[in-house]
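# pasted the sequence and its predicted model underneath.
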Amino acid sequence: MADEMTQAGERFLHLMNRLRKLGLGNPSSGTGLVSPAQMALLDWIAASHGCGVQDIADGLKLTSPTVSVGVRRLEETGLLERKPNPQDKRAVQFFLTAEGQSLRQQSQNFRRKKLELILSGLTRPEQDTLLQLLEKALHAAESRDT
């Protein structure tokens, strides 16, 4: 059983490497401004308007100093802005700028097209099965991770 799991794990890692080589993260042209890690920050902030550093760190399972460096770089590139928290003047909230929203939209469109390309090799029932099994595997991993 352990040997089967090792083989499955190796196969899964190989597939993940192949996915990474397809460049699903970000469009290669036009987004040299941000790394995949910074795009993850933009995605998190877009989904959590007005979040703070600790919110982001908790949500992405990163340290506050790591997030602070990332958001500072995104601010410097004009993709994020910080505003005082109206409930606590010592705290700040982060929001995407218009440029940040535009970049995130471009990235989402790019990812969507790449995923459509991958799924186009499968029938609709196969796509559903793949997605259901991935959801099941992620749910099991997430419930053990807490």
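Great, that's in hand.
# how about the helix or strand containing residue 111: buried residues?
In this structure, residue 111 sits in helix 98-119 according to DSSP states H and E. Neighbour counts using 16 or more other CB atoms under 10 Å place 100, 103-104, 107, 110-111, 114 of helix 98-119 among the buried residues. Bear in mind the C-beta positions are built from the backbone N, C-alpha and C, glycine included.
# what about residue 93, which SS state?
strand (DSSP: H, G, I helix; E, B strand; the rest coil).
# report pLDDT for it.
On pLDDT, residue 93 comes in at 95.
# show residues contacting the helix or strand of the chain with the lowest mean pLDDT.
In the chain, no helix or strand scores lower on mean pLDDT, DSSP states H and E than helix 2-21, which sits at a mean of 83. If you take CB atoms under 8 Å, 6 or more residues apart in numbering as the criterion, helix 2-21 is touched by residue 118.
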